[in-house]
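Student: Got a predicted structure here, sequence first:
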Amino acid sequence: MSTTQASTRQITDSESSELSSPFTHQLRHDWALAEIEALFALPFNDLLFKAHTIHRQHFDVNQVQISTLLSIKTGGCSEDCGYCPQSARYDTDLKAEKLMSVGDVVQAAQQAKQQGASRFCMGAAWREPNDRDMTQIVNMVEGVKSLGMETCMTLGMLTDQQTSQLKQAGLDYYNHNLDSSEEFYAQVISTRTYQDRLDTLQRVRDAGMNVCSGGILGMGENVRDRAGLLQTLANLPKHPESVPINLLVQVEGTPLAESKQLDPLDFVRTLAVARILMPESRVRLSAGRTDMSDEMQALCFFAGANSVFYGEKLLTTDNPEANQDLQLFDRLGIRTGTVE
Ligand code: SAM
Ligand code: DTB
Ligand code: SF4
């Protein structure tokens, strides 16, 4: 094809309808696995075009929401999640620490706010919170909220009573990941079931909190597992408001430390499919960014990612320096103020 022909090519009917109609992508909760696998199988450019078009119909594509994480209770966890440096079962050089004081947590949140974060996410290495810790947890939520920040917590499985305590305290989001497809999940974690996780998500929903739920890529799963994870999330009665897609941080001593490296383009593909399936959700480019090039992250934002964890630490592992992120946002013309 000559250059002239290439530059005067008419867009096809299907491209045209993707570009013009905001109504072609109603929220769906009935995705079949085969349909999702077909999205994964699209040529990369077709998939990214589709995802970016949907992204543009639902969001300001130059705006990224930023949250800062804090580990409020580190290590010594009873569970056997094969990826996690905080499990007491693996020798990972991590020093276990007890639950932080409310004052220290609120101080860390204040610092995160000064650096520009709009949401503060507090994580605990627990299978589930103990009822006797709930007063301290509730005080943390109230303290962080009083700074004018959005709050998020990830504490493991919850009971109905605990979800209503958190809701009453003003917790905005609860993070609880499905991690992978139901089939692959069973190869990674034996101490609790996929159904346990779905039950907690339902309780969070019933209590009226926003749901944050996603998974981890690069654990040795296949495309069908990635499709299965996204299918389960998208077919929930309501899409999670926030969908974190983590790249496995390979921590020495964990069973998954030697997993085969994921092709970066397969990571981008998964983000793109998440964007197509859940058009109104914040898709979060989560753990693993220190192993990603700026160019790969730029592709992720193009594919539909529109939130990140911000600040030099995730829970126990490294995240890019705040300055480095600000420079990247600047180079990409991305703003981080919230518009919600
Ligand atoms: N203990 C609680 C739980 O498991 O629900 C909350 C904290 S847990 C560390 C939160 C999430 O971090 C996990 O569900 C998992 O998706 C993610 N995560 C843990 N270790 C990771 C790793 N090495 N790489 C990527 N994500 C990881
Ligand atoms: C999520 O999906 N990723 C974050 C947050 N939710 C809690 C945690 C990533 C943890 C990475 C390993 C660590 O730092 O310990
Ligand atoms: Fe414990 Fe959560 Fe880590 Fe699993 S992911 S070992 S539950 S801290």
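Tutor: Structure received. Ligands and ions are numbered 1, 2, ... in the order given.
Student: ok, the single nearest residue of the stretch 151-300 of the chain relative to ligand 3 to Thr163 distance?
Tutor: Closest residue of the stretch 151-300 of the chain to ligand 3, C-beta to the nearest ligand atom: Gly156 (5.5 Å). For glycine as for every other residue, the C-beta is placed from the backbone atoms N, C-alpha and C. Using C-beta to C-beta, to the nearest Å, one obtains 12 Å as the distance from Gly156 to Thr163.
Student: Would you mind listing the residues in contact with the residue nearest to Arg203 when sequence neighbours are not counted?
Tutor: What sits nearest to Arg203 in space, not counting adjacent residues and going by C-beta to C-beta, 6 or more residues apart in numbering, is Thr163, at 4.7 Å. Thr163 is in contact with 174, 203-204, 206-207, 209, counting by C-beta atoms under 8 Å, 6 or more residues apart in numbering.
Student: where does the stretch 51-200 of the chain have low pLDDT?
Tutor: Of all residues in the stretch 51-200 of the chain, none has pLDDT under 70.
Student: mind redoing it with 90?
Tutor: Scanning the stretch 51-200 of the chain for pLDDT under 90 picks out 116.
Student: need the residues of it near ligand 3, please.
Tutor: 77, 79, 81, 84, 86-87, 125, 127, 156 (C-beta under 6 Å from any ligand atom).
Student: Quick check: of those, which lies closest to His58?
Tutor: Gly156 (31.3 Å; C-beta to C-beta).
Student: For the closest one, what are phi and psi?
Tutor: phi 100, psi -160 (degrees, to the nearest 10).
Student: Quick check, the residue in the stretch 201-340 of the chain closest to ligand 3?
Tutor: Closest point on the stretch 201-340 of the chain to ligand 3, by C-beta to the nearest ligand atom, is Leu315, at 8.0 Å.
Student: who's in contact with the spatially closest residue to that residue that is not a sequence neighbour?
Tutor: Once flanking residues are discounted, Leu315 sits nearest to Ser71: 4.2 Å by C-beta to C-beta, 6+ apart. Neighbour list for Ser71: 97, 123-125, 313, 315-316 [criterion: C-beta under 8 Å, 6+ apart].
Student: can I get these in JSON lines with secondary structure and neighbour count?
Tutor: Shown next, in JSON lines, are the contacts of Ser71 (DSSP: H, G, I helix; E, B strand; the rest coil; neighbours: other C-beta atoms under 10 Å):
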{"residue": "Glu97", "secondary structure": "coil", "neighbour count": "13"}
{"residue": "Gly123", "secondary structure": "strand", "neighbour count": "21"}
{"residue": "Ala124", "secondary structure": "strand", "neighbour count": "21"}
{"residue": "Ala125", "secondary structure": "coil", "neighbour count": "26"}
{"residue": "Lys313", "secondary structure": "strand", "neighbour count": "13"}
{"residue": "Leu315", "secondary structure": "coil", "neighbour count": "24"}
{"residue": "Thr316", "secondary structure": "coil", "neighbour count": "19"}
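Student: and the residues you listed near ligand 1, which?
Tutor: 123, 125, 315.
Student: still on that earlier bit, by neighbour count, which of the contacts of Thr163 wins?
Tutor: Counting neighbours by other C-beta atoms under 10 Å, Tyr174 leads the contacts of Thr163 with 28 neighbours.
Student: Give the bridge partners for that one, please.
Tutor: Met153, Val211 (DSSP bridges).
Student: for Ile66, same thing?
Tutor: Val308.
Student: That one: neighbouring residues, count only.
Tutor: 23.
Student: again with Thr191
Tutor: Applying other C-beta under 10 Å, we find 13 residues neighbouring Thr191.
Student: What distance do you get for it to ligand 1?
Tutor: Computed as C-beta to the nearest ligand atom, to the nearest Å, the Thr191 to ligand 1 distance reads 10 Å.
Student: you'd agree that residue is up against Asp80?
Tutor: Yes - counting by C-beta atoms under 8 Å, Asp80 is a contact partner of Thr191 at 5.0 Å.
Student: so who does the residue of the stretch 151-300 of the chain closest to ligand 3 touch?
Tutor: Counting by C-beta under 8 Å, 6+ apart, Gly156 has contacts 79, 124, 126-129, 176, 200.
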